[in-house]
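Undergrad: Sharing a sequence plus its predicted fold:
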2 protein chains.
Amino acid sequence: MATAASTELTNHGSAAICRGCWDQMRVPIPIRGPLSLPFRAFGITQSKMNPNICTICERSFRYVKKQRHITASATILFADIRGFTALSERIEAVRLSEIVSLFQDQCAQAIWAHDGIVNKQMGDGLMAIFNFPIATKDHASAAVMAALDIQRHCAEALAGLDATLGGMPGRTLGVGVGIHSGDVEIGEFSSFRSDFTAIGGAVNLAARLESQAAAGEILVSPETAAQASGLTIGAETRLLVLKGIEQPVQARVLAKI
Amino acid sequence: MATAASTELTNHGSAAICRGCWDQMRVPIPIRGPLSLPFRAFGITQSKMNPNICTICERSFRYVKKQRHITASATILFADIRGFTALSERIEAVRLSEIVSLFQDQCAQAIWAHDGIVNKQMGDGLMAIFNFPIATKDHASAAVMAALDIQRHCAEALAGLDATLGGMPGRTLGVGVGIHSGDVEIGEFSSFRSDFTAIGGAVNLAARLESQAAAGEILVSPETAAQASGLTIGAETRLLVLKGIEQPVQARVLAKI
């Protein structure tokens, strides 16, 4: 089993065992193939956060980590559709739901391709975590590459819709992304939910960066940029004053379309 | 079974059958007592969104409503901890997690007491829906009453913590709430997740109101205020210009502490 696990760990596309349980506990939990059938009977299946992790990772944080929460080094990515509130006042509900579905699906594919998890989805926005529960050595670069994929895939997919959104002169649908790397608290933060999330100053900084990103932009914190220098070198810098953050932040601006 | 169900429907505290499945489909799904045991064996248990609904309601929207999404009249409530970003830069992670847990638990109790569901939790914030899947005749009033309970319970609970948060002169921990009633799209808006949520202009307006609420405040839209006039009459009004919303909004301000 250990040999099979090691082989699968190099295959990022579609692992036979849960990569979260392996990386966090060195326990092989089958999530694909015949060995996964008895686990499925007990409700242990692929997680909705990332199909390469299982529902034990997602919902049994205390069991996996033997504590309610832990401090971990991670990269946090926020993305949302720019101008969605204005859009939601103008177009019909069916179109709105198409746009949200398209955005969420394109983002998830990009995040999973770089071993991140879609931890939270909230309407036209989402939060992704890189480096937990799937350990990723260069999680800053993974998040930046996922963001570049998000921008590329969403631009293509939304362009098709855009042409049909009549009556909205001067408006282009686009996505804003914010990324920051640092220590976060990961765990269960309410007594009645068992799915984990991340909280802390680093999470809020990523969210604030995203709120300042224009359509097509990726705003990267100095900490993430330093760790992912190969992807951010030469990029425009922008000094941002962010709500609730004491010091101005010298962000890198990527993928301006 | 139908008689038992009818009896339980008057008991808002702790229903024996899923109130969502009953209200949406007139199907009695046992979630408490001996009759619930065979259902639990198939993974049908109390939902984390509200213990009086079941995981069928939460995760099988297409099966329950026989379509991917529907338009429904609902009241949407957003709440978050004011100044959390600034706080998260100053205090240690363990304290931060205590504050988030306390906030999420107090809010959930207040929302459940008025038949709402905690649809989304995101760090120091949450989104609640009233009138789906549990049908609530006066959902605007239910949401306002839940908000008043949130403010009362959080103020008491946070006051204890507040005294121990040294080094933060002039800062008081408090919660901001925004509420709006209107038509929303409810359904599954990504191909890989099966839990339902609400999207649309009405959801965004509630979120924008919450973003403008100071600590201790509940900002109520004119639509909600008109439906919950007994609770909002005589309250201060405030004209708000909200990002992405074309017309200024004449909000009612409740529970200013």
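TA: Nice, thanks for sending it over.
Undergrad: for the stretch 151-257 of chain A, what spans make up the strands?
TA: Along the stretch 151-257 of chain A, counting by DSSP state E, counting those that start in this stretch, strands occupy A:174-187, A:197-199, A:218-220, A:236-240, A:249-254.
Undergrad: Give the buried residues for the last one.
TA: When neighbours are counted by 16 or more other C-beta atoms under 10 Å in any protein chain shown, the buried residues of strand A:249-254 are found to be A:249, A:251-254. For the C-beta atoms, the positions are set from N, CA and C on the backbone; glycine is no exception.
Undergrad: still on that earlier bit, in a markdown table: the strands of the stretch 151-257 of chain A, plus distance to residue A:51.
TA: Listed next are these as a markdown table, based on distance: least, C-beta to C-beta, whole Å:
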| stretch | distance to residue A:51 |
| --- | --- |
| strand A:174-187 | 20 |
| strand A:197-199 | 19 |
| strand A:218-220 | 25 |
| strand A:236-240 | 35 |
| strand A:249-254 | 27 |
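Undergrad: so which of the ones you listed is the most packed in?
TA: strand A:218-220 (a mean of 30; mean count of other C-beta atoms under 10 Å in any protein chain shown).
Undergrad: Among the buried residues of strand A:249-254, which one lies nearest to chain B?
TA: residue A:249 (11.9 Å; C-beta to the nearest C-beta).
Undergrad: what number of residues lie near residue A:43?
TA: By the criterion of other C-beta atoms under 10 Å in any protein chain shown, residue A:43 has 12 neighbours.
Undergrad: Setting the sequence-adjacent residues aside, check what's closest to it.
TA: Spatial nearest neighbour of residue A:43, excluding adjacent residues (C-beta to C-beta, 6 or more residues apart in numbering or on different chains): residue B:43 at 5.0 Å.
Undergrad: can you pull the pLDDT of the one you found?
TA: Note on residue B:43: pLDDT of 82.
Undergrad: again with the one 3 residues further on
TA: We have a pLDDT of 92 for residue B:46.
Undergrad: hang on, the earlier thing: now render the buried residues of strand A:249-254 as JSON lines, adding pLDDT.
TA: Converted to JSON lines, the buried residues of strand A:249-254 look like this (pLDDT from 0 to 100):
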{"residue": "A:249", "pLDDT": "96"}
{"residue": "A:251", "pLDDT": "97"}
{"residue": "A:252", "pLDDT": "97"}
{"residue": "A:253", "pLDDT": "97"}
{"residue": "A:254", "pLDDT": "95"}
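Undergrad: Looking at the residues you listed, which is nearest residue B:111?
TA: residue A:249 (34.7 Å; C-beta to C-beta).
Undergrad: right, and that closest one touches residue A:240 too?
TA: Yes - Residue A:249 lies in contact with residue A:240 (C-beta atoms under 8 Å); the separation is 5.0 Å.
Undergrad: Report the set of residues contacting both of those two.
TA: residue A:209 (C-beta atoms under 8 Å, 6 or more residues apart in numbering or on different chains).
Undergrad: Strands along the stretch 1-150 of chain A, start to end?
TA: A:69-82, A:117-122, A:125-130.
Undergrad: returning to what we had before: could I get the buried residues of strand A:249-254 as a markdown table with distance to residue A:180?
TA: What follows is the buried residues of strand A:249-254, written out as a markdown table (distance: C-beta to C-beta, whole Å):
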| residue | distance to residue A:180 |
| --- | --- |
| A:249 | 9 |
| A:251 | 9 |
| A:252 | 11 |
| A:253 | 14 |
| A:254 | 14 |
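Undergrad: ok, so of those, who is nearest residue B:229?
TA: residue A:249 (45.1 Å).
Undergrad: need the contact list for the closest one.
TA: By C-beta under 8 Å, 6+ apart, the neighbours of residue A:249 are A:205, A:209, A:221-222, A:239-240, A:242.
Undergrad: beta partners of the residue positioned nearest the centre of chain A?
TA: Nearest to the mean C-alpha position of chain A, by C-alpha atoms, centre = their mean, lies residue A:128 at 2.1 Å. Listed beta-bridge partners, residue A:128: residue A:77, residue A:118 (assigned using DSSP bridges).
Undergrad: what's the pLDDT at it?
TA: 98.
Undergrad: ditto for the one 4 residues further on
TA: At residue A:132, the predicted lDDT confidence score is 96.
Undergrad: ok, it to residue A:17 distance?
TA: 17 Å (C-beta to C-beta, to the nearest Å).
Undergrad: In the stretch 1-150 of chain A, where is pLDDT below threshold?
TA: Low-confidence segments of the stretch 1-150 of chain A, defined by pLDDT under 70: A:1-13.
Undergrad: Neighbours of residue A:86, how many?
TA: Residue A:86 has 16 nearby residues by other C-beta under 10 Å.
Undergrad: Residue B:205 versus the closest residue to it other than its chain neighbours, what's the distance?
TA: By the measure of C-beta to C-beta, 6+ apart, the closest residue to residue A:86 outside its immediate chain neighbours is residue B:244, 4.3 Å from it. Separation of residue B:244 from residue B:205 (C-beta to C-beta) stands at 9 Å.
Undergrad: From start to finish, how long is stretch A:74-91 in a straight line?
TA: Criterion C-alpha to C-alpha, to the nearest Å; first-to-last residue distance in stretch A:74-91 is 38 Å.
Undergrad: Kindly report the same for stretch A:44-60.
TA: 11 Å.
Undergrad: Give me the distance from it to the chain's centre.
TA: On the basis of C-alpha atoms, centre = their mean, to the nearest Å, stretch A:44-60 sits 15 Å off its chain's mean C-alpha point.
Undergrad: go on, stretch A:190-199?
TA: For stretch A:190-199, the distance to the chain centre is 17 Å (C-alpha atoms, centre = their mean).
Undergrad: what does it rub up against?
TA: A:58-61, A:72, A:74, A:76, A:119-120, A:127, A:129, A:132, A:184-189, B:48, B:51, B:88, B:96-97, B:100-101, B:104-105, B:108, B:121-124.
Undergrad: What is the nearest of the buried residues of strand A:249-254 to residue B:144?
TA: Closest to residue B:144, out of all of the buried residues of strand A:249-254 and judged by C-beta to C-beta, is residue A:249, at 37.9 Å.
Undergrad: about what we covered before: surely the residue nearest to residue A:43 meets residue B:55?
TA: Yes - assessed by C-beta under 8 Å, residue B:43 is found in contact with residue B:55 at 6.7 Å.
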